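Novice: Sequence plus the predicted model coming up.
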Amino acid sequence: MKYQKKSVIIYIVLIVFAIIWAAPLVVAVRKSLQINGFDSYKFVLTYEKINYFRVVFNSLVVSITTALVVTAVSSLAAYAFSKMHFVGQQKIYLLFLGCLAVPAASVTMPLFSTIKNFGLIDTKLGMIIPMVAFNTPMMLMMITNYFHTIPNSLLESAKIDGANSFTAFNKVMLPLATPIFANVLVLTFIYSWNDYLIPLLVVRTEPRYTVTLAAQYFMSTTFQSPAAVARIYAAMLLLTLPSIIVYLFSQKYLQTGLTGGAIKE
């Protein structure tokens, strides 16, 4: 009885949060269809000032590349911090974690200067490198904590069988850590997709625009007619649709990565 009561409370809380999350989305869909129906979406897809498909492609390239690089770098670093021993290990790890306290907005000037000096203004690489730098510390902490749950005895057994560090990582750690890798990939993708500051600093021409920059084309004046408001909602939905799809299809891996663990000692 007590367990059932607890379950009911949990479901009520989850339903409340689901409503809070879904309400803005429902309002956006309703507003986008309120004036001209699906013509608002057609307007966005065929808008002459901004190419929707090119903008989405740019964001996909930047977000996917950033997610892959962050996962690769943070997983290897996490393996070193969790399963290897070297001088200054803890201090270096804490130094990485200290980067979490540095917001991107606080280093805008040196960041822009560095990107400009390397000739990366108005390039995808100029967006990818800073995004990798700002996302890696958080993902490093997540993977390191997950690696701590994997018994060292498994790695010791692999090394007794003749495996080196790279082979042990490839054959032991990777299969056991698949959930956290999926989690890091998805979260980094979403964070990169929604990033506005870095593209704003780097991008100068419309062919390089990401979805966050493209949104400004639909909100260029202080006064908006009802039809223009509907188009704004349609644009926001279309520009966020890919990230929503990725998030929804990755729910199983996100839940496992956040709440699950590997074999505990």
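Specialist: Structure's in. What do you need?

Novice: only C-alpha atoms for contact and neighbour calcs from this point on.
Specialist: OK.

Novice: Figure out the helix or strand that Gly119 lives in.
Specialist: Assigned by DSSP states H and E, Gly119 belongs to neither a helix nor a strand.

Novice: Now for it, how many residues are close by?
Specialist: 11 (other C-alpha atoms under 10 Å).

Novice: Next: Val246.
Specialist: 14.

Novice: The residue nearest to it when sequence neighbours are not counted and Phe249: what is the separation?
Specialist: Spatial nearest neighbour of Val246, excluding adjacent residues (C-alpha to C-alpha, 6 or more residues apart in numbering): Val186 at 7.3 Å. Applying C-alpha to C-alpha, to the nearest Å, the value for Val186 to Phe249 is 10 Å.

Novice: Mind checking which of these two has more residues around it?
Specialist: Val186 (25 against 11).

Novice: So the more buried one, which state does it fall into?
Specialist: Three-state call for Val186 (DSSP: H, G, I helix; E, B strand; the rest coil): helix.

Novice: doesn't Leu248 make contact with it?
Specialist: No. If you go by C-alpha atoms under 8 Å, Val186 and Leu248 don't touch, sitting 10.2 Å apart.

Novice: And the helices in this structure?
Specialist: Taking DSSP state H, the helices of the chain run over residues 2-33, 39-45, 52-83, 89-98, 108-117, 124-148, 152-160, 165-168, 174-176, 178-194, 197-202, 211-214, 226-249, 251-259.

Novice: Kindly reformat those helices as CSV and extend each row with mean pLDDT.
Specialist: Shown next, in CSV, are those (pLDDT from 0 to 100):
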stretch, mean pLDDT
helix 2-33, 85
helix 39-45, 89
helix 52-83, 94
helix 89-98, 88
helix 108-117, 92
helix 124-148, 93
helix 152-160, 83
helix 165-168, 83
helix 174-176, 86
helix 178-194, 91
helix 197-202, 93
helix 211-214, 90
helix 226-249, 85
helix 251-259, 58
